[in-house]
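Visitor: Sequence first, then the predicted structure, then my questions.
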Amino acid sequence: MKSTPRTSIAAAATYAAAILLTLLTSCSWEDQGSPVDGGGEEAGSNRNGALSVSPAQTECEVGRQVTLRADYANDPGARFHWRIVSGTGSVNGQGVFQAPLSLPVRSLTSIIQVSLQSDTAKRVFARVVVTTQHPEPDTGNGGSQTGALRIDPEIAEIYRGERQDFVLRDANGAAVAGAVWSVDQGRGAIDPAGRFTAPTSMSAPQESSTIVAAYEGGNYLARVTYFNSAPDEVCFTREILPLLRSNCALSGCHDAATAEDDVDLTDYNSLMHSDGIVRPGRGSKSELYEVLVEKDMDDRMPPAGREPLTSEQIALIKRWIDEGAQESDCPDPNGPLCDTENIGYSSHVVQILETNCIGCHSGSNPSGGLDFRSGQVVQQAALDGRLAGAVQRQPGYSPMPPVAALSDCDVDKLLAWINGGAALD
Ligand code: HEC
């Protein structure tokens, strides 16, 4: 049972690749004299001062390429860095974007950053929507209906042991009966009705499986990611680890290199191996918690001069230990796809900074002289390029946060805010 869809996917991929190699060199159907899908999608260019990239937005089918053009008005001979900041595919030094041969979902957006080699703070972004299929050019025989099918949802995120229903739908959204469901690449089980059940025990913080619906010779794919926690539990990777990293795992304190008092708080394993400071299930008896509420200010953590943790943050750490101090991970509360539209300072940026940066960038002696409690300071670092350079860990900037990079989605949100003018709304 399990090998059938795997084989047919491989066959479909080979078949698709063969067609793609013979037919396709560029992403636009215009090039082939076929009707253009949806109009308006292909926007002119994105501009940042003298630097621009075009097209600013375009679509690209799996397996195809699209060539992006960068221009720097002040220097026709300028050289550029190309980089995918989120999404899929690859881009070479000439701005040629290559879409992958297949996608686990129907479409994914890639954001491509172009920067000047001579001044990487000057950058613009282009957006390529990679799609698995394109409306069939009118062949006169009505085309095949299967091209318009998709699994709903195409990306899902659930907790360990949870269920997720998948449905195959046609272009009008109506459910299509008769698909044969299977799980390919990954664990979990799916029943004949399309109901997936995630494994109840996991060793990694998160895992993914590919869901396949086979129907009339076509395979339709979806991806489900399951997380090693329960919905009402504190989430270690999202809620606890960033606090430890930005308040405790500082150079000269509890980072891997210093490990003051043999305590290294840079990741889960080192935390749990640090001298028994966490006693799973016993928050109030764990030193990690005790030092946060210590009455003797000489022993209180973080030490004087550093911003103390808030009472909510302290309560969260205690609760996490009480719940068993697992390396729990959980779905993004904003959903599985990173939404970089309408990113505002108070609605998004402040939250990212609070969780990941404020521990160092505040207090009487803020790191790097940058107190991010002040919006003006954040805006200044955004406009002079340091914020983007630091969070993308680019050469010439100090990588921030020092211990581990932000999630891709947080980086994309910050870049979207910066690129949109870094307004303090
Ligand atoms: C563990 C402490 C720590 C955390 C957490 C931290 N920083 Fe920093 N940051 C520093 C220190 C120390 C410096 C100054 C020394 C240096 O440049 O390495 C600095 C410098 C910077 C600079 C100037 C970089 C440059 O190259 O001029 C920026 C921008 C910055 N941080 C942004 C951030 C952002 C954004 C975050 C959160 C996403 C963050 N930092 C989290 C310690 C931290």
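Guide: Okay, I see it. Numbering: from 1, shown residues only.

Visitor: buried ones in the longest strand anywhere in the chain?
Guide: As far as residue count goes, and with DSSP state E defining each element, the longest strand of the chain is strand 119-131. By neighbour count, and taking 16 or more other CB atoms under 10 Å as the criterion, the buried residues in strand 119-131 are 120-131. For every residue, glycine as well, the C-beta is placed using N, CA and C.

Visitor: distance between that strand and the chain's centre?
Guide: When C-alpha coordinates are averaged (CA atoms, centre = their mean, to the nearest Å), strand 119-131 and its chain have centres 16 Å apart.

Visitor: Now do that strand, average pLDDT.
Guide: Mean pLDDT, taken over the full extent of strand 119-131, equals 82.

Visitor: what does stretch 256-265 give?
Guide: Across stretch 256-265, pLDDT averages out at 72.

Visitor: The stretch 101-250 of the chain: strands as residue ranges?
Guide: All strands of the stretch 101-250 of the chain, identified by DSSP state E, counting those that start in this stretch, fall at 107-116, 119-131, 150-152, 155-159, 163-165, 167-169, 180-184, 189-190, 195-197, 206-215, 218-227.

Visitor: can you redo these as CSV with distance to the ligand?
Guide: What follows is the strands of the stretch 101-250 of the chain, written out as CSV (distance: least, CB to the nearest ligand atom, whole Å):
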stretch, distance to the ligand
strand 107-116, 15
strand 119-131, 11
strand 150-152, 35
strand 155-159, 23
strand 163-165, 32
strand 167-169, 39
strand 180-184, 37
strand 189-190, 39
strand 195-197, 35
strand 206-215, 22
strand 218-227, 23
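
Visitor: of those, which approaches residue 382 most closely?
Guide: Across the strands of the stretch 101-250 of the chain, residue 382 has its closest neighbour in strand 119-131 (10.6 Å, CB to CB).

Visitor: Alongside the ligand, which residues does the stretch 251-400 of the chain contribute?
Guide: Neighbours of the ligand within the stretch 251-400 of the chain, by CB under 6 Å from any ligand atom: 356-357, 359-361, 367-368, 370, 381, 386-387, 390-391, 397-398, 400.

Visitor: How far away from the center of its chain is stretch 357-371?
Guide: The chain centre lies 26 Å from the centre of stretch 357-371; the measure is CA atoms, centre = their mean.

Visitor: Pick out the most distant pair among the residues of the stretch 251-400 of the chain next to the ligand.
Guide: Set against one another by CB to CB, those have their most distant pair in 359 and 397, with a gap of 19.4 Å.

Visitor: higher neighbour count, those two?
Guide: Neighbours were tallied for residue 359 and for residue 397 using other CB atoms under 10 Å; the higher tally belongs to residue 359 (25 against 17).

Visitor: May I see the strands of the stretch 101-250 of the chain organised as a markdown table, with distance to residue 272 added?
Guide: Formatted as a markdown table, the strands of the stretch 101-250 of the chain follow (distance: least, CB to CB, whole Å):
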| stretch | distance to residue 272 |
| --- | --- |
| strand 107-116 | 35 |
| strand 119-131 | 38 |
| strand 150-152 | 39 |
| strand 155-159 | 22 |
| strand 163-165 | 31 |
| strand 167-169 | 41 |
| strand 180-184 | 32 |
| strand 189-190 | 31 |
| strand 195-197 | 30 |
| strand 206-215 | 18 |
| strand 218-227 | 19 |
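
Visitor: Surely residue 247 touches residue 303?
Guide: No. The pair formed by residue 247 and residue 303 falls short of the contact definition of CB atoms under 8 Å, at 10.8 Å.

Visitor: When these two are compared, which one has more neighbours?
Guide: residue 247 (22 against 11).

Visitor: Tally up the residues packed near residue 156, please.
Guide: Based on other CB under 10 Å, the number of other residues close to residue 156 is 23.

Visitor: picking that back up, can you say which two of the buried residues of strand 119-131 are spatially most distant?
Guide: Considering CB to CB, no two members of the buried residues of strand 119-131 lie farther apart than 121 and 131, which are separated by 32.8 Å.

Visitor: and residue 362, how far is that from residue 324?
Guide: 31 Å (CB to CB, to the nearest Å).

Visitor: Who has more neighbours out of the two?
Guide: Per other CB under 10 Å, whichever of residue 362 and residue 324 has more neighbours is residue 362, with 20 against 11.

Visitor: Would you quantify the distance from that one to the ligand?
Guide: Counting by CB to the nearest ligand atom, to the nearest Å, the gap from residue 362 to the ligand is 10 Å.

Visitor: if I pick the nearest residue to that residue once chain neighbours are set aside, what's in contact with it?
Guide: Nearest residue to residue 362, sequence neighbours excluded (CB to CB, 6 or more residues apart in numbering): residue 307, at 4.6 Å. Contacts of residue 307 were listed using CB atoms under 8 Å, 6 or more residues apart in numbering, and they are 247, 358-359, 362-363.

Visitor: Look at residue 315 and say how many residues are nearby.
Guide: Here the number of neighbours of residue 315 (other CB under 10 Å) works out to 15.

Visitor: how about it, secondary structure?
Guide: In three-state terms, and counting by DSSP: H, G, I helix; E, B strand; the rest coil, residue 315 is helix.

Visitor: Tell me which residues touch residue 203, please.
Guide: With contacts taken as CB under 8 Å, 6+ apart, residue 203 has the following neighbours: residue 228.

Visitor: And it, its phi and psi?
Guide: Backbone torsions of residue 203, given as degrees, to the nearest 10, read phi -110, psi -30.

Visitor: how close does it sit to the ligand?
Guide: The spacing between residue 203 and the ligand, counted by CB to the nearest ligand atom, is 28 Å.

Visitor: State the pLDDT value of that residue.
Guide: Value listed for residue 203 in the pLDDT field: 86.

Visitor: for residue 166, same thing?
Guide: Looking at residue 166, its pLDDT is 97.

Visitor: Likewise for the one 10 residues further on?
Guide: Note for residue 176: predicted pLDDT of 93.

Visitor: Next, the contact list for the nearest residue to it once chain neighbours are set aside, please.
Guide: Spatial nearest neighbour of residue 176, chain neighbours left out: residue 168 (4.6 Å); criterion: CB to CB, 6+ apart. Residue 168 is in contact with 149-152, 175-176, 179, 194, 213, 215, 220, counting by CB under 8 Å, 6+ apart.

Visitor: Noted, bye for now.
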